[in-house]
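Undergrad: Attaching a predicted model along with its sequence, questions to come.
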Amino acid sequence: MKQWLSLVVFLVISLGGGLLIGTTNQPGAWYEGLEKPWFNPPNAVFGPAWTLLYILIAVAGWLVWRRRDMRSLKVWGLQMALNFAWTPIFFGAQMLGVALVVVVAMVAAAIAFAVLARRTDGRASLLFMPYIAWLLYATSLNAALWQLNG
């Protein structure tokens, strides 16, 4: 029972935190007015994609926590902090260049987590693969938006 409760804590941190930040930092008119690259997805894609990713991120963090892999857990925490910082920087402060730096750091932290976690629990590493793929896409999207609107 204790292990399942700890999973709920990771879900609250990841999914709950992501939903809270997402709902308090809506794209709005500013984002709608930006020139978008050809590969910009419809807004309806972001909610379901991030919901699934936050669940995978939570389970991955929980798996390394269960193994008491504090090194991987610290990197997991770092990537979560960067993740939670990006939305207010991009949508709230409307600082596309700074957001690009943050998302590049997020990619590095997510890759570092996957590499470290692989040694302790390969499942945690695999759970991060869709997230890393999405972050690479998000990085190219952020870069294109900055280039087109900077």
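TA: Thanks, I have the structure now. Numbering: from 1, shown residues only.
Undergrad: where in this protein is pLDDT low?
TA: 1 (pLDDT under 70).
Undergrad: how about the helices in it?
TA: Counting by DSSP state H, the chain has helices at residues 2-11, 17-24, 28-32, 43-66, 70-87, 96-120, 122-127, 129-149.
Undergrad: just checking, Val107 touches Tyr131?
TA: No. Taking contacts as C-beta atoms under 8 Å, Val107 lies outside contact range of Tyr131: 9.7 Å. No exception for glycine: its C-beta is placed from N, CA and C like everyone else's.
Undergrad: Comparing these two, which shows the higher neighbour count?
TA: A side-by-side neighbour count of Val107 and Tyr131, using other C-beta atoms under 10 Å, places Tyr131 first with 24 against 18.
Undergrad: Nearest spatial neighbour of the more buried one, chain-adjacent residues omitted?
TA: Ranked by C-beta to C-beta, 6 or more residues apart in numbering and with sequence neighbours excluded, the top spatial neighbour of Tyr131 is Leu53, at 5.1 Å.
Undergrad: Leu135 too?
TA: Take Leu135 and drop its neighbours on the chain: the residue closest to it by C-beta to C-beta, 6+ apart is Val107, 4.8 Å away.
Undergrad: can you tell me how far the one you found sits from Trp30?
TA: 25 Å (C-beta to C-beta, to the nearest Å).
Undergrad: Can you report how many residues lie near Pro41?
TA: 11.
Undergrad: separation between it and Trp4?
TA: In terms of C-beta to C-beta, Pro41 sits 34 Å off from Trp4.
Undergrad: ok, now Leu11?
TA: Counting by C-beta to C-beta, the gap from Leu11 to Trp4 is 10 Å.
Undergrad: Just confirm Val59 contacts Leu127, I think it does.
TA: Yes. At 5.7 Å, Val59 counts as touching Leu127 under the criterion of C-beta under 8 Å.
Undergrad: between those two, who's got more neighbours?
TA: Leu127 (22 against 16).
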